[in-house]
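Engineer: Have a look; sequence and predicted model below, questions after that.
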Amino acid sequence: MELNESIKMTFPNKLTYSFLVQSFVREIAKMIGFTGDELDHIDIAMEESVSNIMVHASDEENPTFDIICEKIQGGMKIILKEMGIPFDPEHVKKYEITKVLDDLSTTGLGIYLIQKVMDELSFHNLGTQGKETVMIKYLPDAPERKHLDEINLGRKTPGIISEKIDYDVRGLDEHEAIEVSRCAYKTHGYTFFDDHIYYPERLVEMNRRSEMISAVAVTKDNVFMGHAALLYQYPEDSIAELTFVFVNVEYRGQGALNRLVDYLFQVPKKRELKGIYAYAVTNHIFTQKSMIKFQINDCGILLATSPASWKFKGISDDTSQRISVALGFRYMTPTVPYNLFVPAHHKEMVMKLYHNLGATHNLMVPSSESLQFDSPDSMINTSVNELEGCAEIFIVSYGTDVRQQLRKILRGFCVQQISAINLFLKLKDPLTYWMTEEFEKIGFFFAGILPESQIGDALILQYLNNVNLDYSKILLVSDAAKELLTYIRERDPNIVD
């Protein structure tokens, strides 16, 4: 083999194939120059690492794993990639050899053996790409040969809880971030809408910077139960999204969700918080019912924002089409009446949505002289979530080029095959009154409102890029949401009767 040349094979996640896996790696090792005891050491490492995948990380949803063998300077690198549950090697009990045979425990033995027979061993969480185990073995005479300090690895599997238990709800301790990632995996697999949740180190940093406020529920024995967070999506935001809300299946029914959210509402905030918004999926009704309980009331419906593959383990749902969400909002400070320029043809619905939120504003009709642009250049912010296949466009200020710029941005997202594109228009700007119909002419249609967004109170329009959508499969709870969906459907240019 040439230096840096690699060979990759995919194997079924079944113990019956373990010998074949070992044989494959052993033959590559021979080609690189390993012999005798060194080959036996590689066999031991492969047996232990593959068994760990096949026994501990087995999941009917992840039926295969990859092995990559690469010739490196002085030896061989072996990478095992799989889609099993995230883990943190820093929180594993170290294997200890006791003097008394009866006291001998096998906990951590597999990792211990790998560390003894291989020169380097590391573990990496890869977000939505799963995780990998990396092992390096150097040839006996290679100058690169060295040994890595022992890395601990383990997993703690709580039992099913049927009776009511005592537990605490509090802020996140940094060492618990890995449990948040694991819980996200258990409830959603690797299909969660925001991949930050799969990186414990990111969660820690976001909490440190006050971009996120995390709450956790833990048993009296400090066993992790669930998590919820307030997330400031943008630096200029004065509202936060209630998100990353999940409870391990074995602890559902303990009331943890309610207590987690109550904690987030009450905990002192380091940043200004005018309101909380949340997205409730519409392929089942459980999340929507929770939002109503938390007085996060409906103010929009965003269609087809998430892939059909989005998972809710332990909850039965329809995965036949992209998932739409109900947008809800709750004011966290007393409302102040604004002068808002709502397009005349949406005035009645917008008034109803604000009433549903408990707010009253002055809906103004601008003078014809207001149809003037202060600048030739528009200021437009965009963001895209490629995992979700959705994007957001915020028109911060209108310029004479706004139509051209919006068409260009829209075309780019369509070429990227972004399925759902949401457009946010500043309701305090008189030009929104006039320009909304212009944007609707190119395929945007009504979605709802979002108070106190990064551009202030916003009118939301949406655009669907070649999405097949069956409105009858969108499940809603509140009467306000049902009325809104009817209103949206009547204005959807993609509907062909």
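Structural biologist: That came through, no problem. Numbering: from 1, shown residues only.
Engineer: show me where pLDDT drops low in the stretch 151-300 of the chain?
Structural biologist: By pLDDT under 70, the low-scoring segments of the stretch 151-300 of the chain are 151-160, 189-193.
Engineer: tell me the strands in it, going along the chain?
Structural biologist: 167-171, 212-219, 224-231, 239-247, 275-281, 297-306 (DSSP state E, counting those that start in this stretch).
Engineer: Quick one, which of those gets closest to residue 444.
Structural biologist: strand 297-306 (11.9 Å; CB to CB). Yep, even glycine has a C-beta here, placed from its N, CA and C like the rest.
Engineer: Quick one: list the elements packing against that closest one.
Structural biologist: strand 275-281, strand 323-331, helix 347-357, strand 390-397, strand 420-426, strand 445-453, strand 456-464, helix 479-491 (3 or more CB pairs under 8 Å, 6 or more residues apart in numbering; DSSP states H and E).
Engineer: Turn those into CSV, including distance to residue 302 and mean neighbour count.
Structural biologist: Below are these laid out as CSV (distance: least, CB to CB, whole Å; neighbours: other CB atoms under 10 Å):
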stretch, distance to residue 302, mean neighbour count
strand 275-281, 7, 22
strand 323-331, 5, 25
helix 347-357, 14, 17
strand 390-397, 8, 21
strand 420-426, 6, 24
strand 445-453, 6, 24
strand 456-464, 6, 22
helix 479-491, 10, 17
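Engineer: For the strands of the stretch 151-300 of the chain, give me CSV that also has distance to residue 376.
Structural biologist: Shown next, in CSV, are the strands of the stretch 151-300 of the chain (distance: least, CB to CB, whole Å):
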stretch, distance to residue 376
strand 167-171, 48
strand 212-219, 39
strand 224-231, 36
strand 239-247, 31
strand 275-281, 34
strand 297-306, 32
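Engineer: Residue 373 is nearest to which of the helices and strands packed on strand 297-306?
Structural biologist: Comparing these under CB to CB, the one sitting nearest is strand 390-397, at 9.0 Å.
Engineer: quick check: angle from the closest one to strand 323-331?
Structural biologist: Counting by axes from the mean of the first three to the mean of the last three CA atoms, to 10 degrees, strand 390-397 points 40 degrees away from the direction of strand 323-331.
Engineer: what's the next secondary structure element after strand 390-397?
Structural biologist: Following strand 390-397 in sequence order, the next helix or strand is helix 402-415 (DSSP states H and E).
Engineer: Can you report how many residues lie near residue 337?
Structural biologist: 9 (other CB atoms under 10 Å).
Engineer: so what's it closest to, chain neighbours aside?
Structural biologist: residue 361 (5.4 Å; CB to CB, 6 or more residues apart in numbering).
Engineer: quick one: residue 276 and residue 332 touch, right?
Structural biologist: Yes. Residue 276 is within contact range of residue 332, at 6.1 Å (criterion: CB atoms under 8 Å).
Engineer: between the two, what contacts are shared?
Structural biologist: With contacts defined as CB atoms under 8 Å, 6 or more residues apart in numbering, the residues shared by residue 276 and residue 332 are residue 265.
Engineer: for the stretch 101-250 of the chain, what spans make up the helices?
Structural biologist: For the stretch 101-250 of the chain, the helices defined by DSSP state H, counting those that start in this stretch occupy 109-117, 177-188, 200-208.
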